[in-house]
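pasting the structure only:
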């Protein structure tokens with residue numbers, strides 16, 4: 001991936017900063033989110049936490065549902081793929097989603113290796129709990145980092161903890177003695 005290509009991907013991510021990215025399961029919900037001021041929507045077939053609770057495997061959403069949402073709204077449409085699932089990411093790229101979220105809330109395809117995102121034209125967003133994890137995802141080609149929360153619970157304490165950890169670790173780097 002060229003440096004210019006990465007700059008474009010990061011520029012697209014910058015446009016979402018400070019806005020709400022709304023999880024939606026239908027094109028009607030996506031339109032409501034757009035009308036309410038969401039900067040993007042995340043296309044989900046079902047809430048991943050509910051799928052896992054029912055004993056199922058949380059996979060990438062149905063391509064038809066993603067296409068329906070893309071046709072209904074003018075804001076960016078994101079979709080999730082499983083960690084390490086290169087083929088799901090290729091399908092999402094072929095669908096021309098605006099961002100791919102290689103997501104820990106879906107059932108992982110590979111617990112050790114993430115997708116090499118630099119091979120894709122579509123930007124990726126990835127979750128991170130600390131600076132090391134964030135830097136590994138960026139090294140793989142992620143254009144945007146988000147914190148990880150307790151998926152599907154509504155409890156934001158984990159996401160807040162991860163954000164504070166990343167911020168503290170970045171601050172520690174700036175105050176280190178460089179001599």
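Okay, I see it. Not measured: the values here are computed from a predicted model.

CA only for contacts and neighbour counts going forward, please
Will do.

Next, the buried residues of the helix-or-strand element of the chain with minimal mean pLDDT.
Across the helices and strands of the chain, mean pLDDT, DSSP states H and E gives its lowest value to helix 48-53, namely a mean of 74. Across helix 48-53, burial judged by 16 or more other CA atoms under 10 Å covers 48, 49, 51.

Next up, phi/psi of residue 131, please.
Main-chain dihedrals, residue 131, degrees, to the nearest 10: phi -60, psi -40.

And for the nearest residue to residue 46 once chain neighbours are set aside, the neighbour number?
Spatially, and ignoring its direct neighbours in sequence, residue 46 is nearest to residue 25 (6.4 Å; CA to CA, 6 or more residues apart in numbering). When counting by other CA atoms under 10 Å, one arrives at 19 neighbours for residue 25.

returning to that earlier point: I'd like to know which elements the least confident helix or strand of the chain is packed against.
Where contact means 3 or more CA pairs under 8 Å, 6 or more residues apart in numbering; DSSP states H and E, helix 48-53 is not packed against any helix or strand.

Go over the secondary structure and confirm residue 42 is in a strand.
Yes - per DSSP: H, G, I helix; E, B strand; the rest coil, residue 42 lies within a strand segment.

ranges for the helices of this protein?
3-14, 27-35, 48-53, 63-72, 86-94, 131-140, 157-174 (DSSP state H).

Buried residues in the first one, which are they?
Think helix 3-14. 6, 9, 10, 12, 13.

from those residues, which single one is nearest residue 145?
The closest of these to residue 145 turns out to be residue 13 (CA to CA; 9.3 Å).

contacting residues for the residue nearest to residue 46?
Counting by CA atoms under 8 Å, 6 or more residues apart in numbering, residue 25 touches 43, 44, 45, 46.

same thing with residue 10?
Going by CA under 8 Å, 6+ apart, the list of residues near residue 10 reads 123, 143, 144.

Take the residues you listed and lay them out in TSV including neighbour count, pLDDT and distance to residue 76.
Below are the contacts of residue 10 laid out as TSV (neighbours: other CA atoms under 10 Å; pLDDT from 0 to 100; distance: CA to CA, whole Å):
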residue	neighbour count	pLDDT	distance to residue 76
123	26	96	12
143	25	94	15
144	23	92	14
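
between those, which is nearest residue 37?
After measuring those against residue 37 - CA to CA - the closest member comes out as residue 144, at 20.6 Å.

pLDDT score for the closest residue to that closest one other than its chain neighbours?
The shortest distance from residue 144 to any non-neighbouring residue, by CA to CA, 6+ apart, is to residue 125 (4.6 Å). As predicted, residue 125 sits at a pLDDT of 94.

Residue 125 contacts residue 104, correct?
No - judged on CA atoms under 8 Å, residue 125 makes no contact with residue 104 at a distance of 11.4 Å.
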